[in-house]
Structures are given as structure tokens and as C-alpha cells.
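[1] The amino acid sequence is not available; the structure is as follows:
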């Protein structure tokens, strides 16, 4: 029995030893070097300079091209109102009729006095001529002759006075018809028939506004004005000649006004409360689509950048401090980080002020899978669809970063 137990234990140990040796052998045979990790693939765009028209979007308000407040030039009673409120009126059209009776009477009185003065003139003139002849014969005294000459001058002066009175009375009679000084749309009437009005009263009878064309007044900060001047002086922007004075308009609901306007002038006085100057534009306004005091946005051309560098917005990332940067693929096929200075957004792209050199490859897709120093495989970026604004529709410099 002891021999049999010893043999059994020996066999068990032998089986375990063979199993262990077989396991080690199998493990040693299956050990192979791990396969190399694949090179990550990234989509890139090659930065190339291009011509871009830079614009600025500024808010503003419309105002009437001309405004005429209608006031009476003589005092009297309003007999008739000869227009429809809210209608279009033409220059010279009669708007109100003031009672002309007292002014007609004043004109007739002045004419009668003028006739009386003219009737007395011949007799006074003949008396002065006779006295001049008699003075040579010593038949009248020098004093009598001087009195006759003075009377003649007084008669002539009286005639001129009454002529002026006739002219004044005729003008006042004409003022009884209150005419429109300009063409445009007239508002509500502040008086009705039977109202008593006074000459040059503070309250206007009505107001006429010319709405075609129409003004658009836009404030521009002096900071942006100085920035634009510096860029023009440094040659970073080229003025676009007459085209630079063309302005587009965006209405309150976001729609584009179909007609272009013209930049008329830039004010030279700075508003101390806002630190801005006023830009005035003129827009054609057929159909009176633009009404006074309407809020609008203007798209103003700054100039042309002939060497603009644009990168897709999705290619730009920001660090913890908010500074923009991109990842590049260098000549050795490795990733490199580059800090940028951005100017503004143009559609779905950023206009780069500094940080990039023409010909460099910027990673657009696959940024999350790589880091600086890693070798990558660069393929051209092919967007599934191209969206965004054209270069002419550049966004305002609010997107500017440093």
C-alpha cells in the first residue's frame, strides 16, 4: 500500500509538470511584436492669399430728405383746407385758404393813396418850375423857391412810399393762399376751418416730408475710424474708388433693401457723449418703403484687401485664455501649433491678421485625434457643402481677436 500511494503521487506530479511545461511552451510560441499604430489622417486646407472686399455693418436710422413745417405768414381766419391728410402734395399746391377780405381792402386802400399822391405831383412840379423862373427875375424869394422844391421832393417820396405799400399789401394778399414749399407726403392738419392763426406762429399747420430719396444717419466710433485710416496708410487696404461709396441696407426684419445707396459725407464733429461721428447716406426710396426714424443696418465698404488670408472657422480653436490658434502640418508631416490674430468673420471663415504664411497647411478636420509633434497623413479638405456669405458681405469688426 505505501508503494502504491507513492506511485500515484509521482504520477500526479508528473502530469502537473507536463501541463505547466506545455503551457509555458504555448505562451512562448504565441508571443509576437504588437502591430504598429496607424498614422492618423487629417483634412487640411492650404492657405493662399485672395482678394476680399471688407465691409462694416453699422446700425442707423432713417430721416426725411426734406422736412417743411407749414406756418402762416399772415394772421387771419382759415376758410378752407385744400388737401387730404397723409396724401402726396406737390410744390406750389395750395394747402390752406386764409380769409383774404381784410388784405384785399388794405391793397385797395394803398392803391387809392398811391393814385392821390400821383395826382398831386404834376401841380407841385409845375409850381417848382415857375418859382425857378421867377427867382431869376427876383419876383419870389429864395425861401419860397426852396419850399416849392422841398414840396416836390416830398410828393415824389410819398409816391414811392405808397408804391411800397401797394407791393406789401399785394404780398400779404398772396400769403392768404398757403402753398406747399416742397413736394412730399403731408401729415395730419393741426387746424381746421374756422381757426384763427397768427403770422409765424410756433405751432405748424402741417408738416411735409420728402421720402424719395431718404437719408440714413449712422454713428461710427472714432476708434474704428482711426483703425481704418491706419490700415489705408499702411497699404493693408486699397480704396475701391467710386464703388467704395456704395452702401447696402438691411431692414429691421433682416431682409435686404434692393437698392444701393451712396455715402454722402462723414461729419467732422465728434459727439462727446458717444465718441462717434455721423455718416450720412442717401438711398432711393420708391414706394416709401423706408419711413422716417426706422431702424436699419448699413453695410459699408471699407476697402479691398488684395492679400487676405482666410481659414475655416472650424479650424480655429482657443486656449484656456481664449487666444485663438490653429494646428498646422509642417514639411515633415508633423503637427505644429500656431497662435493667430484674427481680424473678423467673413461668412464661415476667419480673416487672419497675423500668424499664418501663404502655403501653410491648416488642419480643419481631425483636430481632436492629434496633438503637436505627432506625425499625420494630410488629405485635402472637402466640405460637404459650402455655406456662408460672400467676401463682400463681411461681418463687422466685433469678431476681432488679439
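    Looks like it arrived, so ask away. Bear in mind that the values here come from a model prediction, so they are computed numbers and not experimental data.
[2] Let me know the average pLDDT across the longest strand along the chain.
    Ranked by number of residues, the top strand in the chain under DSSP state E is strand 50-70. For strand 50-70, mean pLDDT is 89.
[3] ditto for stretch 245-256
    For stretch 245-256, the per-residue pLDDT averages 89.
[4] i'd like the first residue to be 15 from this point on
    Got it, first residue is 15 now, which makes that one stretch 259-270.
[5] Quick one: end-to-end distance for that stretch.
    End-to-end distance for stretch 259-270, by Cα to Cα, to the nearest Å: 18 Å.
[6] contact partners of that stretch?
    71, 230, 271, 273-277, 295, 297, 304, 308-315 (Cβ atoms under 8 Å, 6 or more residues apart in numbering). Using the backbone N, CA and C atoms, a C-beta is placed for each residue, glycine as well.
[7] buried sites along it?
    259, 261, 262, 263, 264 (16 or more other Cβ atoms under 10 Å).
[8] before we move on, what about stretch 349-362?
    349, 350, 354, 356, 357, 358, 359, 360, 361.
[9] chain center to that stretch, what's the gap?
    From the chain centre to the centre of stretch 349-362 is a distance of 28 Å (Cα atoms, centre = their mean, to the nearest Å).
[10] Any regions of the stretch 165-314 of the chain where pLDDT drops low?
    Applying pLDDT under 70 to the stretch 165-314 of the chain flags residues 246-258.
[11] Show me where it has its helices.
    236-247 (DSSP state H, counting those that start in this stretch).
[12] just checking, residue 351 touches residue 341?
    Yes - using Cβ atoms under 8 Å, residue 351 is in contact with residue 341, at 5.9 Å.
[13] wait, doesn't residue 66 sit right on residue 317?
    No - counting by Cβ under 8 Å, residue 317 is not a contact partner of residue 66; they are 9.9 Å apart.
[14] Tell me which of those two has more neighbours.
    When residue 66 is set against residue 317 and neighbours are counted by other Cβ atoms under 10 Å, the residue ahead is residue 66, at 21 against 18.
[15] Quick check: beta-bridge partners of the more buried one?
    residue 319 (DSSP bridges).
[16] before we move on, the earlier item: just want the angle from the longest strand of the chain to helix 236-247.
    Interaxial angle of strand 64-84 relative to helix 236-247 (axes from the mean of the first three to the mean of the last three Cα atoms, to 10 degrees): 130 degrees.
[17] quick revisit: next, show the common contact partners of residue 351 and residue 341.
    Overlap of the contact sets of residue 351 and residue 341 (by Cβ under 8 Å, 6+ apart) consists of residue 386.
[18] before we move on, back to that, remind me what the longest strand of the chain packs against, helices and strands.
    strand 198-200, strand 220-235, strand 290-297, strand 309-326 (3 or more Cβ pairs under 8 Å, 6 or more residues apart in numbering; DSSP states H and E).
[19] Now tabulate those strands in TSV and tack on distance to residue 109.
    Output for these, formatted as TSV (distance: least, Cβ to Cβ, whole Å):
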stretch	distance to residue 109
strand 198-200	7
strand 220-235	7
strand 290-297	27
strand 309-326	31
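[20] which one of those lies closest to residue 182?
    Among these, strand 220-235 comes nearest to residue 182, with 26.4 Å by Cβ to Cβ.
[21] Pull the contacting residues for the spatially closest residue to residue 379 that is not a sequence neighbour.
    Using Cβ to Cβ, 6 or more residues apart in numbering and skipping the chain neighbours, the partner closest in space to residue 379 is residue 57 (3.9 Å). Counting by Cβ under 8 Å, 6+ apart, residue 57 touches 377, 378, 379, 380, 392, 393, 394, 395, 396.
[22] Please determine how far residue 57 is located from residue 331.
    The spacing between residue 57 and residue 331, counted by Cβ to Cβ, to the nearest Å, is 15 Å.
[23] what's the answer for residue 197, then?
    Applying Cβ to Cβ to residue 197 and residue 331 gives a distance of 59 Å.
[24] For residue 221, list the residues it contacts.
    Residue 221 neighbours (Cβ under 8 Å, 6+ apart): 81, 82, 83, 84, 200, 201.
[25] now, which of those sits nearest residue 139?
    residue 84 (48.1 Å).
[26] For residue 368, give the beta-bridge partners.
    residue 355.
[27] I'd guessed it sits against residue 356; true?
    No - counting by Cβ under 8 Å, residue 356 is not a contact partner of residue 368; they are 9.2 Å apart.
[28] Now do the domain split for this protein, please.
    Per the record, the chain has its domains at 64-77+225-413, 88-113+190-217, 115-187, by automatic domain parsing.
[29] could you redo those domains as TSV and give each row distance to residue 53?
    Shown next, in TSV, are those (distance: least, Cβ to Cβ, whole Å):
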stretch	distance to residue 53
domain 64-77+225-413	5
domain 88-113+190-217	72
domain 115-187	96
